[in-house]
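Participant: My questions are about this predicted structure, shown below with the sequence.
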Amino acid sequence: MSEFGWPLQVALVAKLVAENVCDGLIYETVPKHIDYPYVRIGEISTRRADATSVDQTVEQLTLHIYAKGEFGKRDALRIAGDISTIILKNDIEIGDDVDSLFDVIAETGRHDVEAGEYIQNLRIEAQLSKLKEL
């Protein structure tokens with residue numbers, strides 16, 4: 001994980017909790033007995049913004065939205081829409097010295113028939129760079 005990975009995850013979770021997404025049920029490790037719906041923080045990957053950039057990276061983070069029951073798909077899609085709106089506002093503060101630009105770059109969904117769940121996945125991209133001191 002890059003120097004931005006953990007602060008990105010912390011800032012994103014704080015923003016989603018502040019916006020009351022899934023009543024704050026947002027986890028990296030999901031407890032055994034859990035209420036639905038909830039969001040699980042998935043994998044994060046890092047790459048340099050370009051070959052010459054030292055202080056700029058592109059972080060990609062996946063959020064998995066789990067919902068259950070008769071309206072599971074509808075609930076998961078609504079929550080994904082709420083998260084996308086929050087992300088696209090680009091007002092997630094990672095740090096005073098970090099400039100950021102967010103985007104939702106992929107969205108997929110599927111039913112897990114065995115578990116009785118609908119899972120909606122959002123892939124979020126954040127272009128992050130350290131601000132230069134003047």
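Facilitator: Okay, I see it.

Participant: what are the phi and psi angles of Thr85?
Facilitator: Backbone torsions for Thr85, taken as degrees, to the nearest 10, come to phi -60, psi -40.

Participant: what about it, how many residues close to it?
Facilitator: Residues near Thr85, counting by other C-beta atoms under 10 Å, number 11. Bear in mind the C-beta positions are built from the backbone N, C-alpha and C, glycine included.

Participant: Please identify the helix or strand for the residue nearest the centre of the chain.
Facilitator: In the chain, the residue lying closest to the centroid (C-alpha atoms, centre = their mean) is Leu63, at 4.5 Å. According to DSSP states H and E, Leu63 maps onto strand 56-68.

Participant: And for Ile79?
Facilitator: Short version, using DSSP H and E: Ile79 is in helix 72-88.

Participant: Give me the helices and strands touching that helix, please.
Facilitator: helix 5-18, strand 56-68, strand 98-112, strand 117-130 (3 or more C-beta pairs under 8 Å, 6 or more residues apart in numbering; DSSP states H and E).

Participant: In JSON lines: the ones you listed, plus mean pLDDT and distance to Gly81.
Facilitator: Shown next, in JSON lines, are those (pLDDT from 0 to 100; distance: least, C-beta to C-beta, whole Å):
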{"stretch": "helix 5-18", "mean pLDDT": "91", "distance to Gly81": "13"}
{"stretch": "strand 56-68", "mean pLDDT": "92", "distance to Gly81": "10"}
{"stretch": "strand 98-112", "mean pLDDT": "91", "distance to Gly81": "10"}
{"stretch": "strand 117-130", "mean pLDDT": "92", "distance to Gly81": "10"}
